[in-house]
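In: Give me the fold of what follows.
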Amino acid sequence: MNIIIALAYLLSSILFILGLKNLGSPKTARRGNQLAMSAMLIAIIVTLTKNEILDFTYIIAGLIIGSAIGVIIARKIQMTAMPQMVALFNGLGGGASALVALAEYNRLTGEPRIDVIISMVVSLFIGAVTFTGSLVAFGKLQGLIRSAPVVFKAQRFFNISLFILFLIIGIIVIINPANSTGLLTILAIALILGVLFVMPIGGADMPVVISTLNSCSGLAAAATGFVLSNNILIICGALVGASGFILTRIMCKAMNRSITNIVFGSAGTATTNNSNNDKRKVVSYTEEDASIMLESAQTVIIIPGYGLAVAQAQFALQELVTILINKSINVRYAIHPVAGRMPGHMNVLLAEANVSYDLLFDLGDINDDFQNSDVVLVVGANDVVNPSARSDKDSPLYGMPILNADQARSVIICKRSLSPGYSGADNDLFYLDKTQMIFGDAKESINAIIKLLKA
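Out: Here you go, the predicted model:
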């Protein structure tokens, strides 16, 4: 029996690894999800069998309730709310790890082994930090909490003091595991630190926050695996933690920032004075002007942003792309790593509209082609095409690699207004002579262009 359980866990681990590998590409992401789900199903069945559960009442009840909630969310959730959902799921994962650590502490009789109590302290701390941090991230993304950084004097000193206090109490609990008060104190400290970790981070850095919290939820799960002596939970948690950390590094590189700058800074909101920009004027163009320019172009690059998701314009945009391709126009999508509000947001959004993966190009693969492009069509993107990121040292975007839209011969921007992006920085691209601003709902504007091109 033990051999069968070990082989089943091994199979589950292999499926988890293959699933994660397949998630690395939009073409294989669906298969990756299926492999990972199969791995989790095997792990759950084997774990329940291994522990010889006598009463499945609560397990079945939890399965039914959880499945019902999952189905409802999957059917009702809008693509614009996907980042909030991911943040919430990260928080629930961290909270579950913290609760399991507490439950296992109360269940154990006698003095636990040193490795077990250390794992409990780590799981409780990281899980609780992830829980409240994710709730704050959810609140910022949902608009329940202001997205700008919230800071106060001596905040870093206060955070460091709390962390040192955690280390001291953690050592005390490890030396004296019977000290349940110390464990509850660690929980309280972690819950507070989770809030203080995310509050100073602005909306522009939220993609990095989400990937960081995802990594933390994996680390909490891995620590819980050591608490329960469950190898598959250790492996699964380690995979999530490592992949989340790698994704965080990718996001930081895409924004030209260090993780310490984001975690301990208060970036994400403009600190510059944009009063001079109020004197600059833009010319409002019509959909007819845009259709003429697009039809006469030979090469077109499309840059989607979060505004595309808000307007639910991905299907109309893909119809426009199909029309242009049928007119023998070379059309490609340029995807910035932090476009949208979470990593991979644009890829998922465009996949929903059945956009061919061959049309999607990352920043590094397409940035040099903008100077040879006739038209760049920007739909709902802002910070990722802001030229001030190259030259304005006072801009919160300074140093962040951007898509070189301003280097194209002509630029068409579909946007509701001149309002800034998450960073709060005004966009110099709006005021260039080569830029055509089409104000209004992106979906309505693109549909109007489609009608003109079909006429």
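In: Mind listing what's buried along the helix or strand in which residue 10 is found?
Out: Using DSSP states H and E, residue 10 maps to helix 2-22. For helix 2-22, the neighbour count (16 or more other Cβ atoms under 10 Å) marks 8-9, 12-13, 15-16, 18-20, 22 as buried. Glycine gets a C-beta too; all of them are placed from N, C-alpha and C.
In: Check this protein for me, the residue farthest from its geometric middle.
Out: Distance to the chain centre peaks in the chain at residue 110, reaching 42.4 Å (criterion: Cα atoms, centre = their mean).
In: Need the three-state assignment for it.
Out: Taking DSSP: H, G, I helix; E, B strand; the rest coil as the rule, one finds residue 110 in the coil state.
In: Low-confidence regions, the chain specifically.
Out: Low-confidence regions of the chain, defined by pLDDT under 70, span residues 1, 52, 54, 79-80, 203-204, 254-258, 260-280, 341-343, 422-424.
In: where do the strands sit along it?
Out: Taking DSSP state E as the test, the strands found in the chain are 299-304, 330-335, 360-362, 375-379, 410-415, 435-439.
In: Quick check: which helices or strands does the fifth one pack against?
Out: This means strand 410-415. In terms of contact count using 3 or more Cβ pairs under 8 Å, 6 or more residues apart in numbering; DSSP states H and E, strand 410-415 is assigned the packing partners helix 287-295, strand 375-379, strand 435-439, helix 442-454.
In: will you turn those into TSV that also has mean neighbour count and distance to residue 85?
Out: As requested, the helices and strands packed on strand 410-415 are exported to TSV (neighbours: other Cβ atoms under 10 Å; distance: least, Cβ to Cβ, whole Å):
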stretch	mean neighbour count	distance to residue 85
helix 287-295	18	34
strand 375-379	28	23
strand 435-439	19	30
helix 442-454	19	22
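In: Of these, which is nearest residue 216?
Out: Proximity of the helices and strands packed on strand 410-415 to residue 216 was assessed by Cβ to Cβ; the nearest stretch is strand 375-379, lying at 33.4 Å.
In: That closest one pairs with which strands?
Out: In the sheet containing strand 375-379, the strands it pairs with under DSSP bridges are strand 299-304 (parallel), strand 410-415 (parallel).
In: Buried residues of the first one, list them for me.
Out: Buried residues in strand 299-304, counting neighbours by 16+ other Cβ under 10 Å, are found at 299-304.
In: Can you list phi and psi of residue 110 for me?
Out: Dihedral pair for residue 110: phi 80, psi -180, per degrees, to the nearest 10.
In: ok, now how distant is it from residue 145?
Out: Distance, residue 110 to residue 145, by Cβ to Cβ, to the nearest Å: 44 Å.
In: which stretches of the stretch 251-400 of the chain form helices?
Out: 259-264, 287-295, 306-311, 314-326, 345-352, 363-366, 388-391 (DSSP state H, counting those that start in this stretch).
In: how about these in TSV, adding distance to residue 127?
Out: Conversion of those to TSV gives the following (distance: least, Cβ to Cβ, whole Å):
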stretch	distance to residue 127
helix 259-264	18
helix 287-295	50
helix 306-311	30
helix 314-326	36
helix 345-352	26
helix 363-366	34
helix 388-391	36
